[in-house]
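Asks: Please work out how this folds:
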Amino acid sequence: QVQLEESGGGLVQAGGSLRLSCEVSGRTGRYDYAVAWFRQTPGKEREFVAVVNWNDRYYVDSVKGRFTISRDNAKNTVYLQMNSLKPEDTAVYYCAATPLFSVGYDYVRAYDYWGQGTQVTVST
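Replies: Okay, here's the model as predicted:
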């Protein structure tokens, strides 16, 4: 079993920055898992934000140039650095992991393990 724990959410003004962390632990905290960030607002589907798999990184178009995903293998932690935040970035952010990275990396069903989520609120 793999556990994921997010942290770093909060309230920030538009244009500001936050860094989210996702610690991967449990039976295996292996660095070769692909780890992604998704976000969700009330009444909407969970949306893919970014994923890191070895040296590959992919982002949804709306965050390209503003968000950066990275990982610290020594700490079994994946980060999402969010800059130039906009009110439309407001959501609960979830991290997710899978040992089997695939071309469907932007689909919720591609991931086996999920964290509980952390709230990010961007005010105008």
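Asks: Just confirm Glu88 is within a helix.
Replies: Yes. Secondary structure of Glu88, determined by DSSP: H, G, I helix; E, B strand; the rest coil: located in a helix.
Asks: Which elements pack onto the strand or helix carrying Val24?
Replies: For Val24, the element it lies in under DSSP states H and E is strand 18-26. Taking 3 or more Cβ pairs under 8 Å, 6 or more residues apart in numbering; DSSP states H and E as the contact definition, the neighbouring helices and strands of strand 18-26 are strand 2-7, strand 34-40, strand 77-82, strand 91-98, strand 118-123. Just so you know, the C-beta spots here come from the backbone N, C-alpha and C atoms, and that holds for glycine as well.
Asks: okay, the angle between the fourth one and strand 18-26?
Replies: Put plainly, it is strand 91-98. Going by axes from the mean of the first three to the mean of the last three Cα atoms, to 10 degrees, strand 91-98 is angled at 30 degrees with respect to strand 18-26.
Asks: which strands and helices sit next to strand 91-98?
Replies: Other helices and strands packing on strand 91-98, by 3+ Cβ pairs under 8 Å, 6+ apart, are strand 2-7, strand 18-26, strand 34-40, strand 113-114, strand 118-123.
Asks: Just want the most central residue of this protein.
Replies: When Cα atoms, centre = their mean is applied to the chain, the residue found nearest the centroid is Trp37 (2.1 Å).
Asks: How about the residue in this structure that sits furthest from its center?
Replies: When distances are taken from the C-alpha mean of the chain, Thr124 lies farthest, 22.9 Å away, according to Cα atoms, centre = their mean.
Asks: Would you check how far apart that one and Leu80 are?
Replies: When distance is defined by Cβ to Cβ, to the nearest Å, Thr124 is 22 Å away from Leu80.
Asks: Gly104 too?
Replies: Computed as Cβ to Cβ, the Gly104 to Leu80 distance reads 20 Å.
Asks: So if I had to pick from these two, which one is more boxed in?
Replies: Neighbour count, other Cβ atoms under 10 Å: between Gly104 and Leu80, Leu80 has more, with 26 against 10.
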